[in-house]
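Q: A structural model of the following input is requested.
(chains A and B)
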Protein chains: 2
Amino acid sequence: MAQAINSLKVFLHSGGPLGEIARKELAKFAQDHSPVGFVSAANLGDEKAYFRRIQGVLNELRMEALHIQWNRNPFKDLSKARSIYVGGGNTYALLMRLQKARLLAPIRRLVQRGIPYIGSSAGSNLAGPTILTTNDWNVVGLSQFKALGLVSFNINPHYKETDPAMAPFSETRDDRIREYHVVNQNPVVGIEEGAMLIIENGIVMVRGSSRAKLFCPGKNPVWILPGEKVPL
Amino acid sequence: MAQAINSLKVFLHSGGPLGEIARKELAKFAQDHSPVGFVSAANLGDEKAYFRRIQGVLNELRMEALHIQWNRNPFKDLSKARSIYVGGGNTYALLMRLQKARLLAPIRRLVQRGIPYIGSSAGSNLAGPTILTTNDWNVVGLSQFKALGLVSFNINPHYKETDPAMAPFSETRDDRIREYHVVNQNPVVGIEEGAMLIIENGIVMVRGSSRAKLFCPGKNPVWILPGEKVPL
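A: Residues are numbered from 1 along each chain as shown, chains lettered A, B, ... in the order given. The predicted structure is shown next:
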């Protein structure tokens, strides 16, 4: 079991347009694992347009993309993919659709067998034990929150420490994560825009041009800089 | 039934410290309905300290406060209250605790019989059909989202149109409400900090020093100014 977990290859980022550093990291991570199966299920708008955009990025990085459509025979395309990329959008819609399509267990199994997993925003949330630290609203009324559990910590993408312009008198991210730890014990990692977590050989590294922040219950949160290991 | 609904008296605000205008409106709304039963269940921290703070505000406005504690014989205190004030915190924790304590139906019944309802932030969300347009995270893993349904529209408290400093590349409130309307049909009203909705005689008015914004599926959202009626 420990060996199975150590073989996981996981790349999690926040989901904004990929800068040059992030593109290089993505290419290094996935270039030997083309075609990349792209899951667009988090998108509540035009999934095909979203696929074409990501396909453009992957082609520029000399990788092929396969569109894995949750509602159109996804298993056939999944079996051809040599890596899996789950994109952003609404995390609750993503998880609900993958539950309906019965895609969670097959994706988990493939990643446990060594197929690299790339998550962007909602796709990063999906890699945790649950999606309950997403920034999204549960607009679809989802009631089961268990996710892929590829990593032991929950994710907060687009992490930002301060938000002076957002909502005066409503909670900051740190307040919300503190609330999460009133009732949950597993660590939460906030990923700033431009940062990524790369998990290989059982080690979680921060890469990119920004930072990650580790929250453990009862402890002060700590910043992890690019090139540093997340002390889990 | 229509008569029952028309008799509802509901006061919903975002939840920041009450400015002078808001205090005047609150006094006008509730002064003949003291003691005010205050529900602190949304607070995942020190509920007693929260009660004392609100008690201070109500005393200044010459009203008495009763602490309705979801986990300590709430029905007795509820029966003495001549109005109900549900405070802010985590909306999912609030609803979960009121479900556990079986307080939703009794509160709904009292308000339908003419007991005024005051909601602040999470307490405002609770007045809608569901709480699925809260800004909060579902840190408690709640799976049933049906709320008091005192009004037909959902609430987004602390509404802010733009958030340049918050989370680049993550969704704005308007994006999130648009996603909500992909799968839900009832209107959503965003309440800016400093604004309040006052519902009396079946009419929803905006009061205070800021605005509300009405979102209906397939239509452009419209701003409603203080002193104006929400066209529902």
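Q: got any ranges where chain A has weak pLDDT?
A: Within chain A, the segments meeting pLDDT under 70 span A:1-5, A:163-170.
Q: ok, the residue nearest to residue A:153 when sequence neighbours are not counted - contacts?
A: Spatially, and ignoring its direct neighbours in sequence, residue A:153 is nearest to residue A:187 (4.1 Å; CB to CB, 6 or more residues apart in numbering or on different chains). For every residue, glycine as well, the C-beta is placed using N, CA and C. The contact partners of residue A:187, by CB atoms under 8 Å, 6 or more residues apart in numbering or on different chains, come to A:152-154, A:214-216, A:232.
Q: again with residue A:145
A: By CB under 8 Å, 6+ apart, the neighbours of residue A:145 are A:95, A:130-132, B:138, B:141.
Q: Out of those, list just those in helices.
A: Of the contacts of residue A:145, the ones assigned to helices by DSSP state H are residue A:95.
Q: so how many other residues sit close to residue A:71?
A: 10 (other CB atoms under 10 Å in any protein chain shown).
Q: With residue A:56 instead?
A: Residue A:56: 11 neighbours (other CB under 10 Å).
Q: Report the secondary structure state of it.
A: helix (DSSP: H, G, I helix; E, B strand; the rest coil).
Q: What separation is there between it and residue A:42?
A: 18 Å (CB to CB, to the nearest Å).
Q: right, and residue A:133 touches residue A:125 too?
A: Yes: with contact defined as CB atoms under 8 Å, residue A:133 reaches residue A:125; the gap is 7.1 Å.
Q: Spit out the residues that contact these two alike.
A: Common neighbours of residue A:133 and residue A:125 (CB under 8 Å, 6+ apart) are A:154-155.
Q: which one of those two has more residues nearby?
A: residue A:125 (30 against 27).
Q: Quick check: the gap between that one and residue B:85.
A: Distance of residue A:125 to residue B:85, computed by CB to CB: 35 Å.
Q: Give me the buried positions along stretch A:61-74.
A: For stretch A:61-74, burial by neighbour count (16 or more other CB atoms under 10 Å in any protein chain shown) applies to A:61, A:63, A:65-70, A:74.
Q: Just send those back as JSON lines, with distance to residue B:33 and secondary structure too.
A: JSON lines is the format used below for these (distance: CB to CB, whole Å; DSSP: H, G, I helix; E, B strand; the rest coil):
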{"residue": "A:61", "distance to residue B:33": "65", "secondary structure": "coil"}
{"residue": "A:63", "distance to residue B:33": "65", "secondary structure": "coil"}
{"residue": "A:65", "distance to residue B:33": "62", "secondary structure": "strand"}
{"residue": "A:66", "distance to residue B:33": "63", "secondary structure": "strand"}
{"residue": "A:67", "distance to residue B:33": "59", "secondary structure": "strand"}
{"residue": "A:68", "distance to residue B:33": "57", "secondary structure": "strand"}
{"residue": "A:69", "distance to residue B:33": "56", "secondary structure": "coil"}
{"residue": "A:70", "distance to residue B:33": "51", "secondary structure": "coil"}
{"residue": "A:74", "distance to residue B:33": "57", "secondary structure": "helix"}
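Q: Please identify which of these is nearest to chain B.
A: Here the nearest of the buried residues of stretch A:61-74 to chain B, counting by CB to the nearest CB, is residue A:70; it sits at 15.2 Å.
Q: Let me see the ranges of the helices in chain A.
A: Taking DSSP H as the test, the helices found in chain A are A:2-6, A:20-30, A:47-60, A:74-80, A:91-100, A:104-112, A:122-125, A:173-183.
Q: re the thing from before, narrow the contacts of residue A:145 to just the buried residues.
A: A:95, A:130-132, B:138.
Q: how near is the spatially most central residue of chain A to residue A:225?
A: Nearest to the mean C-alpha position of chain A, by CA atoms, centre = their mean, lies residue A:124 at 1.0 Å. Separation of residue A:124 from residue A:225 (CB to CB): 19 Å.
Q: Residue A:133 is in contact with residue A:122, correct?
A: No: the pair residue A:122 / residue A:133 is not scored as a contact, 11.8 Å apart, by CB under 8 Å.
Q: Now residue A:23: closest residue in space that isn't a chain neighbour?
A: Nearest to residue A:23 is residue A:61, by CB to CB, 6+ apart, at 6.2 Å.
Q: Report the buried residues of stretch A:148-161.
A: Buried residues in stretch A:148-161, counted by 16+ other CB under 10 Å: A:148, A:150-151, A:153-160.
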